[in-house]
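Colleague: Got a sequence here, can you model it:
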Amino acid sequence: MTASGFPFSAVVGMDDLRLALVLNAVSPAIGGVLVQGEKGTAKSTMVRALAAVLPEVRVVSGCRFNCDPAAPDADCPDGPHEPRASELTRPSRLVELPVGATEDRLVGALDIERALTEGVKAYEPGLLAAAHRGVLYVDEVNLLHDHLVDLLLDAAALGTCYVEREGVSVRHAARFLLVGTMNPEEGELRPQLLDRFGLTVQAAAPRQAGPRAEVVRRRLAYDDNPAAFRAAWADEETRLARRIAQARGRLPGVVLPDAALRQVASVCAAFGVDGLRADLVTARAAMAHAAWEERPEVTAADIRVAVRLALPHRRRRQPFDAPGLAEDELDRALADADGGPDDDDDDPGGGKGTSKTTTIRRNGPWSPPNGPPDPQQRDGRDGGDRDSTANPDGRAGEDDGSGQRNHRDRESRHDRGGHHDRDTDPATGKPGVGRPGGGQPGDGRPRAGASENGDGEGAGERAAAAPGSVFRVKRLDLPGTGLGAPGRRSRSRSGVGRVTGSQPPEGRLTRLHLAATIAAAAPHQLARGRTPARPLVVRRGDLREARLDGRESNLVLFVVDASGSMAARSRMGAVKGAILSLLIDAYQRRDKVGMVTFRGSGAQLLLPPTSSVEAAAARLAALPTGGRTPLAAGLLRAREVLRTERLRDPRRRPLLVIVTDGRATGGREPLVSAHRAAALLAASGVASVVVNCETGLVRLGLAAALAATLRGTVLEPAELAAGPLAASVRMAGGLGEGARSGRIRGRAA
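Modeller: This next block holds a predicted model:
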């Protein structure tokens, strides 16, 4: 066993992560580990150290696809292998997939140039071939491009990599342990890929001074003399590797009793997970844990550990629902499970009990081999966070049918306190019940310090309203064709999509357009001495690559009016619900989002442009309202944000979504200043949509006038909802030729 990095056994704490990786090493069929956590928590360090303690593998000598001599792949491109082919034993591999990797680097590449110019059919294996029977590690997996995610999903589901290109078909085995790390602040992970990970772990740095000091001490010692540090931990690494190998050998003999299987199924059903993958993963993890703890059959303790690791990321119903598994919920689910095995504290081997309700003791998730003590003490926290949607009184919020938690108790408390106005719901346009001006119940008077429109100098800050119900929105795509990152919103010519033409290659040829290549070479065949032996003579200048027409992701910058006029003239909760619906749409279309809010005396960048739509939703929910309406400041702040972001990411086109009633107060000529700022944004060619939140019997049309100055589109909140038919909304702005015919299109999602 050789190692070149930080030892696996020397990592301080991280018990759940250590256990999840070990269980996958014992039983690779579990399906991998997703590690979520803040930066600087040793996620990558521990994953990279895993390879050193994995059992060695036997491979066919000279096979580039790591075939097992005992069961070689019948479709191996380097095969067929002889039954008694020479073999060798080597350490398990950990292959890293960079976020910026190309499709050819992942699945392998056919050398089209050699095939056409030399008549040689050459295939270079990719990272999936190298990871076969090993570990495929993806750091920042949530930032991986969608087309690479699709390839990973196919390979993980089928255990086979297929390469189909220009009439040439190659396939090879690709069974690997998938490990991904991510920082949730940088964006969400696609649900399909999230479910493909068998287990998930939340990584966090220790909060106690002692463990933090030990982390620094060990890291300094490693940096000072890596070889000496690894030598000091070599015995621990050897013992751990031996224990993993022994547990892997015991695994086929571990018994999963029918009662334990029913308990697994009952717990998964109780938590309402989709599909049956959760049941399979939980059962496999429980069996692996029993093998790790040297138990002959699965007990309730094994099931509890498996559930804590396998179910938290499968409970989500909406993109912004916080993952987690509350301990009290887990206790109830295990206690209510039919036929659960009894967990006897005095019998580590466990046994089937006769009682339907079982008392379950939580075993420590990690039993390290004898060696240098780990200074971190567990603080009693279990895997998964408490349900973040719980009400202050401890009860979980109700589901309103859309997957979002409502907050009727909280809203009713605000209503009783006069903090919400209920004259009109902007999402439906229907009048509500309430008192204009936001007065106290029964007195018909405005709040102290507030003007009739809720917008006066003395208007105080109002408590944050809970977001209203969400809905499916139309797709708002930008005019023209962009060159941004692959996504699902506006048209683009990027590396993913359908073939719409051909062009000379820029750099290395990756996607040959065969018909165009032959057409380019055909006129020169006589001059090049075409013969029966060489029926087609192709030169480098004849090669053409396919031009693809697909979809790109955009930067969606929200500019939200949080002033007193929005709180008094509309129900801010419904406005937040509309914005939340747009945020969910942006998440699904892989956009970056940012948020600028304005009220009182100025504007602030509430959320810098980021891929973490979840962070935007959290800050939106906590957004208070009140004060004057500095519309000009909000527009100028948005212009500054877009200018800075254009320097950072010039290929990503922005979409400005302004949520306001169009009113402007404070300062000299506030409305004139606002339209001057809007004209500056229009001159920069930014596509914009104004969501008109003006309500009431008398409407001034200020939002529509603002949209006209922006050369953008004005929509009512009710018009955002996706209807049965696609609708197009014309706009008068844009860039270049598209400025006269460009449109922001609203289409059913």
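
Colleague: Quick check: chain neighbours aside, which residue is closest to residue 587?
Modeller: residue 613 (4.1 Å; CB to CB, 6 or more residues apart in numbering). In this view, the C-beta of every residue, glycine as well, is placed from N, C-alpha and C.

Colleague: Residues in contact with stretch 244-264: which ones?
Modeller: Residues outside stretch 244-264 that contact it (CB atoms under 8 Å, 6 or more residues apart in numbering): 22, 25-27, 53-55, 279, 282-283, 286-288, 290-292, 294-300, 303, 306-307, 334, 337-341, 352.

Colleague: Endpoints of it, how far apart?
Modeller: 24 Å (CA to CA, to the nearest Å).

Colleague: and that stretch, how far from the chain's centre?
Modeller: The chain centroid and the centroid of stretch 244-264 are separated by 32 Å under CA atoms, centre = their mean, to the nearest Å.

Colleague: hmm, back to that, sort out which of the contacts of stretch 244-264 are buried, if you could.
Modeller: Buried residues within the contacts of stretch 244-264, counting neighbours by 16 or more other CB atoms under 10 Å: 22, 25-27, 53-55, 279, 282-283, 286-288, 290-292, 295, 297-300, 303, 306-307, 334, 337, 339-341.

Colleague: just checking, the residue nearest to residue 587 touches residue 585?
Modeller: No - with contact defined as CB atoms under 8 Å, residue 613 does not count as touching residue 585 (9.5 Å).

Colleague: Chain neighbours aside, what residue packs nearest to the residue nearest to the spatial centre of the chain?
Modeller: Of all residues in the chain, the one closest to the mean position by CA atoms, centre = their mean is residue 189, 1.7 Å from it. Using CB to CB, 6+ apart and skipping residues adjacent in sequence, the residue nearest residue 189 is residue 142, 4.6 Å away.

Colleague: Residue 506 looks like it's in a strand, true?
Modeller: No - according to DSSP: H, G, I helix; E, B strand; the rest coil, residue 506 belongs to no strand; its state is coil.

Colleague: ok, so what distance separates residue 215 from residue 221?
Modeller: 11 Å (CB to CB, to the nearest Å).

Colleague: Tell me which of the two has more neighbours.
Modeller: Using other CB atoms under 10 Å as the criterion, residue 215 and residue 221 rank with residue 215 on top: 20 against 14.

Colleague: Next, the contact list for the more buried one, please.
Modeller: Applying CB under 8 Å, 6+ apart, the residues near residue 215 are 12, 42, 206.

Colleague: One more: residue 705?
Modeller: 662, 675.

Colleague: Name the spans of the stretch 601-749 of the chain whose pLDDT lies under the cut-off.
Modeller: Where the stretch 601-749 of the chain drops to pLDDT under 70, the residues are 722-749.

Colleague: rerun that using 50 as the cut-off
Modeller: 724-743, 747-749 (pLDDT under 50).

Colleague: where exactly do the strands run in it?
Modeller: 602-610, 654-660, 687-692, 713-715, 727-730, 743-747 (DSSP state E, counting those that start in this stretch).

Colleague: Which of the three states applies to residue 560?
Modeller: Under three-state DSSP, residue 560 comes out as strand.

Colleague: ok, now how distant is it from residue 579?
Modeller: As judged by CB to CB, residue 560 and residue 579 stand 7 Å apart.

Colleague: Need the residues touching each of those two.
Modeller: In contact with both residue 560 and residue 579: 620, 659, using CB under 8 Å, 6+ apart.

Colleague: Quickly list what residue 60 is bridged to.
Modeller: Counting by DSSP bridges, residue 60 is bridged to residue 87.

Colleague: which parts of stretch 40-56 are buried?
Modeller: 41-55.

Colleague: And for stretch 662-671?
Modeller: Buried residues in stretch 662-671 (16+ other CB under 10 Å): 662, 663, 664, 665, 666, 670, 671.

Colleague: Can you give the distance of it from its chain's centre?
Modeller: With CA atoms, centre = their mean, you get 40 Å for stretch 662-671.

Colleague: Please export the C-alpha coordinates of it as CSV.
Modeller: What follows is stretch 662-671, C-alpha atoms only, in CSV (Å, rounded to 0.1, in the frame of the first residue of the first chain):
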residue,chain,number,x,y,z
GLY,A,662,-43.4,52.1,-10.5
ARG,A,663,-43.7,54.7,-7.7
ALA,A,664,-40.7,56.9,-6.7
THR,A,665,-40.5,59.2,-3.7
GLY,A,666,-37.8,61.1,-1.8
GLY,A,667,-35.4,63.7,-3.1
ARG,A,668,-35.9,66.2,-5.9
GLU,A,669,-37.8,65.0,-8.9
PRO,A,670,-37.6,61.3,-7.9
LEU,A,671,-39.7,60.0,-10.9
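
Colleague: which other residues reach that stretch?
Modeller: 455, 563, 565, 601, 628-632, 673-674, 690, 692, 694, 700-706.

Colleague: low-scoring stretches of the stretch 401-550 of the chain, by residue?
Modeller: Ranges of the stretch 401-550 of the chain meeting pLDDT under 50: 401-459.

Colleague: Could I get the full set of strands for it?
Modeller: Under DSSP E, counting those that start in this stretch, the stretch 401-550 of the chain gives strands at 475-477, 486-492, 498-503, 545-552.

Colleague: Right, I'll leave it there.
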